[in-house]
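Peer 1: I need the structure of the sequence given here:
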Amino acid sequence: MASTETAVKGAAQDLAGLEAGLDALDEVRVSRTPVREVLVRKVLPPVVAVVLVLVVWQILIWAKVTDDYKLPSPSLVWSEVTDAWAQGTLLGYIWTSVSRGLLGFLLALVIGTPLGLLVSRVKPVRAAIGPVLSGLQSLPSVAWVPPAVIWLGLNDKMMFAVILLGAVPSIANGLVSGVDQIPPLHLRAGRTLGATGLRGTWHIVLPASLPGYLAGLKQGWAFSWRSLMAAEIIASSPDLGVGLGQLLEQGRETSSMSMVFLAIILILTVGIAIDLLIFSPLERWVLRSRGLLVKN
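Peer 2: Numbering: from 1, shown residues only. I've put the predicted structure just below:
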């Protein structure tokens, strides 16, 4: 009898220890990361990279590897920045392109999401449209600029049409890929619980397909931005204003490499900023919601 009670107590202690271990595994650290660690891990590396690029750039200038009009010095490019700022045109260049790019991307999101759901869930539609979407995704967006100009003229409608044709296939294909990766057991469990039709799409399909969908959104934004730059470079009109693509083309027409470098740096900066401010937080949220990233 005593041995039985001892065994029961031992089993209870083992069970309690197991539960404590599982609770410890489930615990999420909520301590705030020190500011110094954030600066060292996230701020310092890109700053060092930028400084190295500037140093190498200046060394190439001192070494006179090419003519000055082909490779301007960092100081000349900085003078171009300060002049544009003094004239009040710098923010205008950026806002003209960013507003077009974001609005076009939102329109592509509204069109590409239901299209991706339709293609992923309806087999006849997938058989008919799936290959077309893949082909459109591989087609260079610059190819759409001439027909868009002929169809719609030199206006913002043409710009948005080029953005949509470049971004919608990527968003739709990303969602299709995310839906294809959903385990069938999840879908069956959702149907068993009554999540069918639009309810199943909202509560089961979309959340489960978020990783692939988010990858499609990132690629869709990249295609939107590149499509817009191609359209702005090729199609110039006073009615369109001056965006970053037009600024780049103006630098080429006037043989001003400092203006060309300014446009390139601004285009790159906007792309990095959108990724850091929008897509990186979304990625962290998706990973954290799946227990793949511990919130510090």
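Peer 1: So, low pLDDT: which residues of the chain?
Peer 2: 1-40, 42, 186-187, 190, 193-201, 203, 291-296 (pLDDT under 70).
Peer 1: any idea which helix is longest in it?
Peer 2: The residue-count maximum for a helix in the chain (DSSP state H) belongs to helix 90-121.
Peer 1: What are the buried residues along that helix?
Peer 2: By 16 or more other Cβ atoms under 10 Å, the buried positions in helix 90-121 come out as 90, 93-94, 96-98, 100-102, 104-105, 107-109, 112-113, 115-117, 119-120. Heads up, the C-betas are built off the backbone N, CA and C, glycines and all.
Peer 1: helices or strands next to it in the packing?
Peer 2: helix 74-87, helix 123-138, helix 156-180, helix 210-234, helix 244-253, helix 257-274 (3 or more Cβ pairs under 8 Å, 6 or more residues apart in numbering; DSSP states H and E).
Peer 1: and the angle for the first one with helix 244-253?
Peer 2: Between the direction of helix 74-87 and that of helix 244-253, the angle (axes from the mean of the first three to the mean of the last three Cα atoms, to 10 degrees) works out to 120 degrees.
Peer 1: Helix 74-87 - contacts with which helices or strands?
Peer 2: Right, helix 74-87 is packed against helix 44-63, helix 90-121, helix 257-274 by 3+ Cβ pairs under 8 Å, 6+ apart.
Peer 1: The ones you listed: which one's closest to G178?
Peer 2: Among these, the nearest to G178 by Cβ to Cβ is helix 90-121 (8.2 Å).
Peer 1: picking that back up, would you reformat the helices and strands packed on helix 74-87 as TSV and include distance to W221?
Peer 2: Output for those, formatted as TSV (distance: least, Cβ to Cβ, whole Å):
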stretch	distance to W221
helix 44-63	20
helix 90-121	6
helix 257-274	6
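Peer 1: quick one: contacts for the residue nearest to D180 when sequence neighbours are not counted?
Peer 2: Nearest residue to D180 in three dimensions, chain neighbours excluded: S120, at 6.9 Å (Cβ to Cβ, 6 or more residues apart in numbering). Contact analysis of S120 by Cβ atoms under 8 Å, 6 or more residues apart in numbering lists R126, L175, V176, V179, D180.
Peer 1: Which of the helices and strands packed on helix 90-121 sits closest to V47?
Peer 2: Comparing those against V47 with Cβ to Cβ, the closest turns out to be helix 257-274 (13.1 Å).
Peer 1: For the closest one, enumerate the helices and strands it packs against.
Peer 2: If contacts are counted by 3+ Cβ pairs under 8 Å, 6+ apart, helix 257-274 sits against helix 74-87, helix 90-121, helix 210-234, helix 244-253.
Peer 1: which of the residues in that helix are buried?
Peer 2: Buried residues in helix 257-274 (16+ other Cβ under 10 Å): M257, S258, M259, V260, F261, L262, A263, L266, I267, V270, G271, I274.
Peer 1: before we move on, what about stretch 81-88?
Peer 2: For stretch 81-88, using 16+ other Cβ under 10 Å, the buried residues are A84.
Peer 1: Name the nearest residue to the most centrally placed residue in the chain, ignoring sequence neighbours.
Peer 2: By Cα atoms, centre = their mean, the mean C-alpha position of the chain lies nearest to K218, the distance being 3.0 Å. On the basis of Cβ to Cβ, 6+ apart, the spatially nearest residue to K218 that is not a chain neighbour turns out to be F279, at 5.2 Å.
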